[in-house]
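Colleague: what follows is a predicted structure for the sequence shown.
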Amino acid sequence: MDQTDKRFDAFMNRDKSADGSFVVAVTSTHIYCRPSCPARRPKPENIRFYDLPEAAEQAGFRACKRCHPRDAAAQDPDVRRVRRACEVIAARLAGGEGGPPTLDELAEAVGTSASHLQRRFRKLVGVSPRDYADQLRLTGFKGRLRDGDDIAGALYESGYGSPSRVYERAGATMGMTPATYAKGGKGARMGYAIAASPLGRVLVAGTVTGVSAIYLGDDEAFLAAELRAEYPLAEIVRDEAALGPLVAVVLRYLEGDLPHPELPLDVQGTAFQRRVWQELMAIPAGETATYKDLAVRMGQPKAARAVGRACATNPVSLAIPCHRAIGTDGALHGYRWGLDRKQAILARERARRGKAVAAA
């Protein structure tokens, strides 16, 4: 019986002795629990396991208010050190001064070497201590803006040394400027265009910063409705003139003229999602990697399911090539726009690559 099976059995049996050794996240509710949680058991396909609460939170899950999984004492010494490191980071950021602690400071605080902490932190949480701190700081900043703090106060309380640090990354991490986010996203303008492609209709949407969505389908009304559902607070308008050049790049890629659609992007994601998306971008056109392969490359061999979920939440299909990720069995699995399109995209990439090799 592998570790996943043991964890599944412990969860289904509400084994209290397993509390503190892992947490269980449920994709249908976006909540994570301790193994002994008395709540009703979800469908097996909606279950994800994480080594510690902070890793589940990095993946976008919230702590259960019934079983309080954060309160369970960790059993593994390394897990205790990593959790303690997370507490030190949070405490430093809550103080609003000096920014997050350095790796050496964290290592000293938890009583281990910097290299060991870096390695175990990345394995257990899914990101480095620095990436974790960046995500935690940004989350705190956004929360303070939603609560009504002014931008200057939110910056200080979140541990940012200067406004430029958050503004220069706003497009990549927030999808809009702090001032716009503070208003709930109202006023953010997103244009979109829809065109015929070899794979049906393609929708490309974006802000002045870059592309925020690429959808494929057969019905224009459905694609536009999907966009509005994903970005409900933005002002969304059809703008063929402004989006035309970006649509042209996507069409050239789908027609086999480009190996990859190089586009400026304006997308949001957790630190873990961004790591997965970076790994997807590293897969050469025409090639594939399994979810497990990607998890191993990230130093988290047991996170294949979480990798699959990050692929599924990719808002810019094609630009971030989630179609190049396949199941561990080598078969095509789960593509938002249909497995027939996923197969067709890969076939076109392979055909273009074959022509390029033959011409070389």
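Modeller: Structure's in. What do you need?
Colleague: need the contact list for the residue lying closest to residue 264 once chain neighbours are set aside.
Modeller: Distances taken as CB to CB, 6 or more residues apart in numbering place residue 210 nearest to residue 264, at 3.5 Å, with adjacent residues excluded. C-beta coordinates here come from the backbone N, C-alpha and C atoms, glycine included. Neighbour list for residue 210: 171, 263, 264, 265, 266, 267 [criterion: CB atoms under 8 Å, 6 or more residues apart in numbering].
Colleague: what is the nearest of these to residue 202?
Modeller: Nearest to residue 202 among those is residue 263, at 12.7 Å by CB to CB.
Colleague: mind checking pLDDT for the closest one?
Modeller: On the pLDDT scale, residue 263 is placed at 86.
Colleague: quick one: residues contacting residue 352.
Modeller: 256, 259, 285, 286.
Colleague: repeat for residue 295
Modeller: So residue 295 contacts 301, 302, 303, 304, 306, 307 (CB under 8 Å, 6+ apart).
Colleague: widest-spaced pair of those?
Modeller: Farthest pair in these (CB to CB) is 301 and 306. Separation: 11.5 Å.
Colleague: more neighbours: the two, which one.
Modeller: Each of residue 301 and residue 306 has its neighbours counted (other CB atoms under 10 Å); residue 306 has more, 27 against 12.
Colleague: ok, back up a step: ok, the residue nearest to residue 264 to residue 27 distance?
Modeller: In this view, residue 210 and residue 27 are 28 Å apart by CB to CB, to the nearest Å.
Colleague: likewise for residue 301?
Modeller: Computed as CB to CB, the residue 301 to residue 27 distance reads 20 Å.
Colleague: report the central residue of the protein.
Modeller: A centroid search over the chain (CA atoms, centre = their mean) returns residue 273, at 2.0 Å, as the residue closest to the centre.
Colleague: not counting its neighbours along the chain, what's nearest it?
Modeller: Per CB to CB, 6+ apart, closest to residue 273 is residue 310, 4.5 Å.
Colleague: likewise residue 215?
Modeller: The shortest distance from residue 215 to any non-neighbouring residue, by CB to CB, 6+ apart, is to residue 203 (4.3 Å).
Colleague: wait, a strand at that neighbour?
Modeller: Yes. Counting by DSSP: H, G, I helix; E, B strand; the rest coil, residue 203 is located in a strand.
Colleague: any idea how far residue 36 is from residue 30?
Modeller: 20 Å.
Colleague: more neighbours: which of those two?
Modeller: Set side by side, residue 30 and residue 36 show more neighbours around residue 36, with 18 against 12, by other CB under 10 Å.
Colleague: what's the local residue count around the closest residue to the more buried one other than its chain neighbours?
Modeller: Spatial nearest neighbour of residue 36, excluding adjacent residues (CB to CB, 6+ apart): residue 16 at 4.3 Å. Neighbour count of residue 16, defined by other CB under 10 Å: 12.
Colleague: again with residue 7
Modeller: So residue 7, with other CB under 10 Å, has 21 neighbours.
Colleague: tell me which element the closest residue in space to it that isn't next to it in sequence falls in.
Modeller: Distances taken as CB to CB, 6+ apart place residue 49 nearest to residue 7, at 5.0 Å, with adjacent residues excluded. Here residue 49 sits within strand 47-50, counting by DSSP states H and E.
Colleague: direction included, what does that strand pair against?
Modeller: Sheet pairing of strand 47-50 (DSSP bridges) gives strand 23-26 (antiparallel).
Colleague: which residues touch the strand it pairs with?
Modeller: Against strand 23-26 from outside (CB under 8 Å, 6+ apart): 7, 11, 31-35, 37, 42, 46-53, 56, 59, 61, 69.
Colleague: please flag which of the residues you listed sit within strands.
Modeller: In this view, those that belong to strands under DSSP state E are 31, 32, 33, 47, 48, 49, 50.
Colleague: contact partners for the nearest residue to the last one once chain neighbours are set aside?
Modeller: For residue 50, the nearest residue in space outside its immediate sequence neighbours is residue 56; the separation is 4.2 Å by CB to CB, 6+ apart. Taking CB under 8 Å, 6+ apart as the criterion, residue 56 is in contact with 23, 25, 32, 48, 50.
Colleague: between these, which has the most around it?
Modeller: Going by other CB under 10 Å, residue 23 tops the contacts of residue 56 with 31 neighbours.
Colleague: state the pLDDT value of it.
Modeller: pLDDT, residue 23: 94.
Colleague: and the strands in the chain, which stretches?
Modeller: Going by DSSP E, the chain shows strands at 23-26, 31-33, 47-50, 62-63, 189-197, 200-206, 211-217, 235-238, 289-290, 325-326.
Colleague: any idea which helix is longest in the protein?
Modeller: Identified as the longest helix of the chain according to DSSP state H is helix 339-359.
Colleague: returning to what we had before: out of the strands of the chain, which gets nearest to residue 129?
Modeller: strand 47-50 (17.1 Å).
Colleague: which outside residues touch that closest one?
Modeller: 4, 7-8, 11, 22-27, 32, 56, 59, 61, 302, 305-306, 309.
Colleague: cool, and stretch 252-265?
Modeller: 172, 197-199, 202, 206, 209-212, 246, 249-250, 285, 316, 318-321, 345, 348-349, 351-353, 356.
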